[in-house]
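In: Generate coordinates for the sequence data below:
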Amino acid sequence: MNLRSLWIFYFLCTTISLLYAQTDVDAFRLSQYGTFGTARAEALGGAITAVGADLTSATTNPAGLGLMRTSTFQLSPSISLNNTTGRFIDRENTQSDFYAGIPSMGVAFTSVNYQGEDGSKRDGAVSFTFAMGYNQLENFERNTVVQDAFNEFSSITNFFTELAGDTPPSLLGQNSFAALAYDAFLIDSIWDGGQVGYFGAAERGQIDQTLQVQEFGRRTGWYFSLGNNLNDKIIWGATLNLESVRYTRNFTLSEEDTRGIYEFYEPRTNTGFPLELPLVDLRFFDRFTTRGTGYGGTFGLIIRPINPLRIGISARTPTFYQLRDVFDTEMSSAHIFADSIGTEIFTATTSQDFIARYQLLSPFRANVGIMYQIQKYGFLSADVEYVNYNQMRLSSQVTDVTSPDFYSFDVENQTIEENYLPVFNLRVGGEARWEMLRFRAGYAYLPGPTTVESKQYIDDIDRVSIRNINDSRQILSLGVGYRQPNFAFDVSLVNQQQQSKEKPYILSEPEAFQPTLVRDNGTTRLTATLGFYW
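Out: Below you'll find the predicted structure:
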């Protein structure tokens, strides 16, 4: 199957946002940044554009490296608790998961230029710093389970019958959800006057639905940076960013006839054809995996107009990704088979794989930050970041428009332009000093970049109320640090909250019942940074 046919097929199936990684959702997933880096940077809510003197500056504003006075090696292990509350129809469940890792590590080599025995700084270039390392930009670990939600009105088999339409079974093809559903006896065909139609094994609802969405993976940014300090008044820096992407999502939807609605043969209302294999339960499983790499650059400047005040400016170019997606889909069903002797359970299973290769250009980002030093007692900092998410663009890895593997992504890019908006992200932080101790706190507010219509959903309980999710990220952070001339130890505690919504399937009939999974995602992360200086 060529790439054009593959993406056309997936576009036709974009109504099931949980079953497929939507192309615009793919773009957005790889274009977000929360807080990351060392425990010091995380405790400040990420507001370090003008603060500097931290390895996290290599990714946010490399000019901050020019404020370093010693070489350093820093290692930042962390543990995280992820709480995900899923609400689906009449059920709610919270899933908690722990995971650990080393989300930040790096080394910086600093050369400070002095003259004379008194150690006075030389005019011009005060210092040069070269740094390299990595930061975990996003962690995708999350698990959602909602069991036995009673759907009175619809089933995923309704969606499969819509996909099949009036296509004869012999022409459904192998690369189609409809073909898979037909082979697994989730739908069956019916002929009336030479016209083919389809009905689902549970199309009248009255079934228990169980959802599980498991997400794994990380987006990691490697950096190679240079910072230069000129007279402690103008500091500049530049970074080459290399990114690695690993993301996997396992989606499972199970439906079970717990009330015996489909246990016996029943004639269909308009055709008189029986449901040949009464349903016991069915299962839809879809695994989506993305692997890829990206590259881009970050450039920054810090100006010190007066000694206690710093103003930082940085710009991050769009990241250019080369991505490979693999889709693995499996359907199965169990039915009652009856004969003159008795009954037995009949099980049918079918599966298939898809592969797609494409490119993604993430949006441009610009930061402006200020920091004010309160003598020897500490400082306050604030950052404002501009991101225009409707600049995200998808494209084919094949450039020859005459090739059968070329796909323009015009529809997907148009969807991005219509559904995503520019936003201003706000980050604030502060540090108080007492002898060798440092006490820090921070807050970040990252607005959701989707339109109001994209945030809306119909409440599944009364099927009337229109509600809105809060898809903005809110991040609270606290931290403490201990400093010695050759050693530092920092700890941060960060809590992040965000809502999201997804539909397991959408039907073409507006009045049809289409359930929504709403997720409250909360992550609490404890990070410790060990720093060694020489």
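In: going forward, measure contacts and count neighbours with C-alpha atoms only.
Out: Noted.
In: what ranges do the helices span in the stretch 401-534 of the chain?
Out: Using DSSP state H, counting those that start in this stretch, the helices of the stretch 401-534 of the chain run over 410-419, 452-455.
In: How about the contacts made by Thr49?
Out: By C-alpha atoms under 8 Å, 6 or more residues apart in numbering, the contact list for Thr49 reads Ser57, Thr60, Asn61, Gly64, Gly312, Ile313, Ser314, Asn367, Val368, Gly369, Ile370, Asp383.
In: out of the helices of the stretch 401-534 of the chain, which comes closest to Phe98?
Out: Ranking the helices of the stretch 401-534 of the chain by proximity to Phe98 (C-alpha to C-alpha) places helix 452-455 first, at 29.0 Å.
In: pLDDT on the closest one, on average?
Out: Helix 452-455 comes out with an average pLDDT of 84.
In: buried set for it?
Out: Using 16 or more other C-alpha atoms under 10 Å as the test for burial, helix 452-455 gives Lys455.
In: what's the following helix or strand after the strand ranked longest in the chain?
Out: Looking across the chain with DSSP state E, the single longest strand is strand 279-306. For strand 279-306, the succeeding helix or strand toward the C-terminus, using DSSP states H and E, is strand 309-316.
In: any idea which helix or strand carries the closest residue to Thr56 other than its chain neighbours?
Out: Nearest-residue entry for Thr56: Gly37, 5.1 Å, with adjacent residues in sequence omitted and distances by C-alpha to C-alpha, 6 or more residues apart in numbering. Under DSSP H and E, no helix or strand contains Gly37.
In: Could you pull up the residues touching Gly37?
Out: Leu55, Thr56, Ser76, Pro103, Ser104, Asn135, Gln136.
In: So what pairs up with the third one in the strands?
Out: For Ser76, the beta-bridge partners are Ser104 (DSSP bridges).
In: That one reaches Phe36, doesn't it?
Out: No - counting by C-alpha atoms under 8 Å, Ser76 does not reach Phe36; the two are 10.4 Å apart.
In: between these two, what contacts are shared?
Out: Residues within reach of Ser76 and of Phe36 at once, by C-alpha under 8 Å, 6+ apart, are Pro103, Ser104.
In: Let's verify Thr70: helix, strand, or coil?
Out: Three-state call for Thr70 (DSSP: H, G, I helix; E, B strand; the rest coil): coil.
In: Same question for the one 10 residues further on.
Out: Three-state secondary structure (criterion: three-state DSSP) places Ser80 in strand.
In: residues in contact with it?
Out: Phe98, Tyr99, Ala100, Thr523, Thr524, Arg525, Leu526.
In: Which residues lie in contact with the second one in this structure?
Out: By C-alpha under 8 Å, 6+ apart, the contact list for Tyr99 reads Ile79, Ser80, Leu81.
In: Which residues does it form beta bridges with?
Out: Here Tyr99, judged by DSSP bridges, has bridge partners Ser80.
In: So it versus Ala181, what's the distance?
Out: 36 Å (C-alpha to C-alpha, to the nearest Å).
In: Please point out which parts of stretch 385-401 sit buried.
Out: Buried residues in stretch 385-401 (16+ other C-alpha under 10 Å): 385-398.
In: Break down the stretch 151-300 of the chain into its strands, ranges please.
Out: 187-192, 195-200, 207-230, 234-256, 279-306 (DSSP state E, counting those that start in this stretch).
In: hang on, I meant the stretch 1-150 of the chain
Out: 72-88, 91-112, 114-115, 120-121, 125-139, 142-151.
In: what would those strands look like in CSV with distance to Leu517 and mean pLDDT?
Out: Compiled in CSV, the strands of the stretch 1-150 of the chain are given as follows (distance: least, C-alpha to C-alpha, whole Å; pLDDT from 0 to 100):
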stretch, distance to Leu517, mean pLDDT
strand 72-88, 5, 95
strand 91-112, 10, 94
strand 114-115, 62, 60
strand 120-121, 61, 58
strand 125-139, 21, 93
strand 142-151, 9, 93
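In: Go through these and name the closest to Gly46.
Out: Nearest of these (C-alpha to C-alpha): strand 125-139, 11.9 Å.
In: So in that sheet, which strands flank that closest one, and in what orientation?
Out: Take DSSP bridges as the rule and strand 125-139 pairs in its sheet with strand 91-112 (antiparallel), strand 207-230 (antiparallel).
In: Next, the angle from that strand to strand 234-256.
Out: Strand 125-139 runs at 10 degrees relative to strand 234-256, counting by axes from the mean of the first three to the mean of the last three C-alpha atoms, to 10 degrees.
In: Let me know the angle separating strand 125-139 from strand 72-88.
Out: Using the same axes, to 10 degrees: strand 125-139 against strand 72-88 is 30 degrees.
In: Now do the buried residues in strand 125-139.
Out: Under 16+ other C-alpha under 10 Å, the buried positions of strand 125-139 are 125-139.
In: Spit out the contact partners of the residue nearest to Thr298 when sequence neighbours are not counted.
Out: Spatial nearest neighbour of Thr298, chain neighbours left out: Arg316 (4.3 Å); criterion: C-alpha to C-alpha, 6+ apart. With contact taken as C-alpha under 8 Å, 6+ apart, Arg316 is in contact with Gly296, Gly297, Thr298, Phe299, Phe364, Arg365, Ala366.
In: want to try JSON lines for those residues, with distance to Met331, neighbour count and pLDDT as columns?
Out: Shown next, in JSON lines, are those (distance: C-alpha to C-alpha, whole Å; neighbours: other C-alpha atoms under 10 Å; pLDDT from 0 to 100):
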{"residue": "Gly296", "distance to Met331": "40", "neighbour count": "18", "pLDDT": "97"}
{"residue": "Gly297", "distance to Met331": "44", "neighbour count": "18", "pLDDT": "97"}
{"residue": "Thr298", "distance to Met331": "45", "neighbour count": "24", "pLDDT": "97"}
{"residue": "Phe299", "distance to Met331": "49", "neighbour count": "24", "pLDDT": "97"}
{"residue": "Phe364", "distance to Met331": "41", "neighbour count": "17", "pLDDT": "96"}
{"residue": "Arg365", "distance to Met331": "42", "neighbour count": "18", "pLDDT": "97"}
{"residue": "Ala366", "distance to Met331": "46", "neighbour count": "20", "pLDDT": "97"}
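In: who's in contact with Ala444?
Out: Gly45, Gly46, Asn425, Leu426, Arg427, Val428, Arg473, Gln474, Ile475, Leu476.
In: and what of Tyr482?
Out: Met436, Leu437, Arg438, Ala488, Phe489, Asp490.
In: doesn't Pro308 make contact with Ile374?
Out: Yes - using C-alpha under 8 Å, Ile374 makes contact with Pro308 at a distance of 7.1 Å.
In: the strands in the stretch 351-500 of the chain, which residues?
Out: In the stretch 351-500 of the chain, the strands defined using DSSP E, counting those that start in this stretch lie at 365-373, 378-388, 393-396, 422-434, 437-446, 456-458, 466-468, 473-484, 487-502.
In: and of those, who's closest to Asp208?
Out: Set against Asp208 and scored by C-alpha to C-alpha, the strands of the stretch 351-500 of the chain come closest in strand 487-502, at 18.4 Å.
In: returning to that earlier point: tell me the buried residues within the contacts of Ser80.
Out: Thr523, Thr524, Arg525, Leu526.
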